[in-house]
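J.: Build me a structure from this.
(2 chains)
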Amino acid sequence: MELKRIRKEANGKLILKDINLNLHKGQTLTVLGKNGQGKSTLLKLIAGFIAPTSGERNVLEKNLRISYVPERFPKLNFTANEYLMHMGLIYGLNEKEIMERLSKLYEEFDIQSMANLKIRDLSKGSAQKIAIIHALLINCPLLILDEPLTGQDSMSQTTFIKLVTNLKKQGVTILLAAHELHLIESVSDRIVIIEKGQISDYQGDELSNKPLMLIQLKNMNDKATEIIRYMEGVVNVEIHRQILNVVAEKDKSDQVVLTAIQNGLNVISLNEIRE
Amino acid sequence: MKAHLKYYYKVLVNSHKYIAPTLFFIIAVMSTYLATIDRIFYGFQVSAIFMYITAIWITYNFNEIEDSTQKQLVLLNTNNEDKYYIMRISFLFIFVLILDLISIIFPIFIGSFKENVNIIDILIGFLMQAVIGFLGISVANFFESKILKDRKAALMILLLIMVLSCIQGLVIKDQPAIKYVMLILPPAYYVYQSEGMQLLISLGGALVYSFILIFIYIKLSIKKKFW
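T.: Reported below is the predicted structural model:
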């Protein structure tokens, strides 16, 4: 898909200004930006929900199917199961396929117990999981996600990142709006920042000058390792002779240590490796 | 198509927004036919007005049930904007046809008519109410909040159009100077007031009018999208 000189105005306000963006097949493109800068508008425009005031939105792949995860999932008077079944049928899947896919997805996101609850009664994080499951259920070549990690616990964030990694391997094109740079940086092929309706490439290499700590942990387990790997401020995680070596930013190291202890690990040492 | 209809049925039922217009229609029809009717056609003309009002009411309610995010998600799943809007309209029309059937069967069942009812009477009555119901759907679609941002204004204008289109012919007789303005309105009056050959012409005209409105509505919706 390509966007050329896209401009979007609404209610007398300029929301997007001269946006030029190419979305390549198989690419994972992340859009960063503070609230109110135009991220959601950009994503909705790419999804085709809204029309630009001027400029072109060219879809280069014929009959491109798009999955979309909104920032706020509507409070529906359906159970998760009912809703997802309806959406799958509308998409064109049969009941058996839907049930099989849902079964796997419920397990991955650990929400089997919520499947028969009304979506309007779920927490924001749980409702967002349903939104993500909906998008993954129909599994389109282009997946657009508007702040999918907001309101999710660290386990779910980890699950989500793993899923994105798997989808990348399958060649799915992913467009993602997020705040959690530390999580999505590793899966993004390109990161752009949107500010006051204009985009620019993210040039950040801010980690290179921050003081770092080496945290050595024992009694490691897979679950704890994964949680720590995706924590904010964690630069590197390596296992060497049954010891987990974690390199993290100094100002985040306390949080890493606390999380490690809470997940059953013992701290062997904590040393600064760069000032 | 079945998947869409099942979904919209669930949406409507879960919202409970079908209850008031359906109750209105049933009570109105029952009130009409609990007294014995001399002429069959007169009964159907009266219930046609109620059908028009109900069709407008249920369409307005239906368009306001889902929020725009949910509509966007269903649109994406459908992957065809024309199909998406046609499915919504088809669902509403099926709802109208069910009410149509009730209004035809009920008076026959309770023996409301002095005259003997024949198949032609039934077909004409059914067709008249189906067409006027379809007209109501095509009019009310323009007044959803996606197209007209101000809901109160949308409702007021819709009510005004509904009332004027029901008394259109009377207004024109009384005020011929505004004939050409009044003729722009949905031809509901001419549907329920006509008989014989005039009715067939009115039904044809109303159908054409409805299809034009629906065509414009779909094109406008696709162009304007959700913003």
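
J.: who are the neighbours in contact with residue 179?
T.: Just so you know, I chose chain A. Shown in contact with residue A:179 (Cβ atoms under 8 Å, 6 or more residues apart in numbering or on different chains): A:32, A:147, A:149, A:150. Just so you know, the C-beta spots here come from the backbone N, C-alpha and C atoms, and that holds for glycine as well.

J.: That was the other one, I meant chain B.
T.: Residue B:179 touches residue B:172, counting by Cβ under 8 Å, 6+ apart.

J.: and if you look at the one 5 residues further on?
T.: Taking Cβ under 8 Å, 6+ apart as the definition of contact, residue B:184 has no neighbours.

J.: Which of the three states applies to it?
T.: Here residue B:184 takes the coil state, with states given by DSSP: H, G, I helix; E, B strand; the rest coil.

J.: For residue 147, give me the pLDDT.
T.: As the question left the chain open, I've gone with chain A. On the pLDDT scale, residue A:147 is placed at 87.

J.: meant chain B, my bad for not saying
T.: Confidence score, pLDDT, at residue B:147: 72.

J.: quick revisit: which two of the contacts of residue A:179 have the greatest separation?
T.: Spanning the widest gap among the contacts of residue A:179 are A:32 and A:150, at 13.5 Å by Cβ to Cβ.

J.: Show me which of these two is the more surrounded one.
T.: Between residue A:32 and residue A:150, counted using other Cβ atoms under 10 Å in any protein chain shown, the more crowded position is residue A:32 (23 against 16).

J.: Could you pull up the residues touching the closest residue to the more buried one other than its chain neighbours?
T.: Leaving aside its chain neighbours, residue A:32 sits nearest to residue A:193 (4.9 Å; criterion: Cβ to Cβ, 6 or more residues apart in numbering or on different chains). Residues near residue A:193 by Cβ under 8 Å, 6+ apart: A:31, A:32, A:33, A:199, A:200, A:201, A:202.

J.: Now name the helix or strand holding residue A:193.
T.: Assigned by DSSP states H and E, residue A:193 belongs to strand A:190-195.

J.: Residue A:144 now?
T.: Assessed by DSSP H and E, residue A:144 sits inside strand A:142-146.

J.: Just list the residues touching residue 63, thanks.
T.: As the question left the chain open, I've gone with chain A. Residue A:63 is in contact with residue B:79, counting by Cβ under 8 Å, 6+ apart.

J.: that answer is for a different chain, and I need it for chain B
T.: Residues in contact with residue B:63 (Cβ under 8 Å, 6+ apart) are B:140, B:141, B:143, B:144, B:145, B:146.

J.: dump the residue contacts of the nearest residue to the first one once chain neighbours are set aside.
T.: Using Cβ to Cβ, 6+ apart and skipping residues adjacent in sequence, the residue nearest residue B:140 is residue B:59, 3.6 Å away. Applying Cβ under 8 Å, 6+ apart, one finds that residue B:59 lies in contact with B:92, B:136, B:137, B:140, B:141.

J.: Nearest to residue B:40, out of these: which one, please.
T.: Distances from residue B:40 to the contacts of residue B:59, taken as Cβ to Cβ, are shortest for residue B:136 (22.5 Å).

J.: Residues of chain A that sit close to chain B?
T.: With Cβ under 8 Å from any Cβ of the partner chain as the criterion, chain A comes near chain B at residues A:10, A:44, A:47-51, A:63, A:65-68, A:70, A:72-74, A:76-78, A:82, A:86-87, A:89-91, A:134, A:138.

J.: Only whichever of those are buried, select them in PyMOL.
T.: Under the burial definition 16 or more other Cβ atoms under 10 Å in any protein chain shown, those of the residues of chain A next to chain B that qualify are selected in PyMOL by:
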select buried, chain A and resi 44+47+48+49+50+66+67+68+70+72+73+74+76+77+78+82+86+87+89+90+91+134+138
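
J.: Flag every buried residue along the strand holding residue A:144.
T.: Across strand A:142-146, burial judged by 16+ other Cβ under 10 Å covers A:142, A:143, A:144, A:145, A:146.

J.: ok, now stretch A:188-207?
T.: A:188, A:191, A:192, A:193, A:194, A:197, A:199, A:202.

J.: Would you map the strands across the stretch 51-200 of chain A?
T.: Along the stretch 51-200 of chain A, counting by DSSP state E, counting those that start in this stretch, strands occupy A:54-58, A:66-69, A:142-146, A:173-177, A:190-195, A:198-201.

J.: Tell me which strands the first one pairs with, and in which orientation.
T.: In other words, strand A:54-58. Taking DSSP bridges as the criterion, strand A:54-58 forms sheet pairs with strand A:2-10 (antiparallel).

J.: Now do the next helix or strand after the strand it pairs with: which elements does it pack against?
T.: Per DSSP H and E, the first helix or strand lying C-terminal to strand A:2-10 is strand A:13-22. For strand A:13-22, the elements it packs on are strand A:2-10, helix A:39-47, strand A:198-201, judged by 3 or more Cβ pairs under 8 Å, 6 or more residues apart in numbering or on different chains; DSSP states H and E.

J.: who does strand A:13-22 pair up with?
T.: Under the criterion DSSP bridges, strand A:13-22 sits next to strand A:2-10 (antiparallel) in its sheet.

J.: Can I get the strand it pairs with in PDB? Just the C-alpha atoms.
T.: Output in PDB follows, covering the C-alpha atoms of strand A:2-10 (Å, rounded to 0.1, in the frame of the first residue of the first chain):
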ATOM      1  CA  GLU A   2       1.200   3.500  -0.600                       C
ATOM      2  CA  LEU A   3       0.100   6.800   0.800                       C
ATOM      3  CA  LYS A   4       0.900   9.900  -1.200                       C
ATOM      4  CA  ARG A   5       0.600  13.400   0.000                       C
ATOM      5  CA  ILE A   6      -2.200  12.400   2.400                       C
ATOM      6  CA  ARG A   7      -3.900  15.200   4.200                       C
ATOM      7  CA  LYS A   8      -6.800  14.800   6.600                       C
ATOM      8  CA  GLU A   9      -8.900  17.500   8.100                       C
ATOM      9  CA  ALA A  10     -11.800  17.100  10.300                       C
END
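
J.: contact partners of it?
T.: A:14-23, A:38, A:41, A:45-46, A:50, A:52-58, A:60, A:197, B:227.

J.: Can you say which of those residues are buried?
T.: Buried by 16+ other Cβ under 10 Å: A:15-17, A:19, A:21, A:23, A:38, A:41, A:45-46, A:50, A:52, A:55, A:57, A:197, out of these.

J.: just these now: which is nearest chain B?
T.: For those, the residue nearest chain B by Cβ to the nearest Cβ is residue A:50; the value is 4.2 Å.

J.: can you pull the pLDDT of the closest one?
T.: 87.

J.: Over to residue A:151?
T.: Turning to residue A:151, the model gives it a pLDDT of 67.

J.: which stretches of chain A aren't confidently modelled?
T.: For chain A, the stretches flagged by pLDDT under 70 are A:151, A:203-210, A:274-275.

J.: Nearest to chain B: which residue in it?
T.: For chain A and chain B, the shortest gap (Cβ to the nearest Cβ) falls at residue A:89, measuring 3.7 Å.
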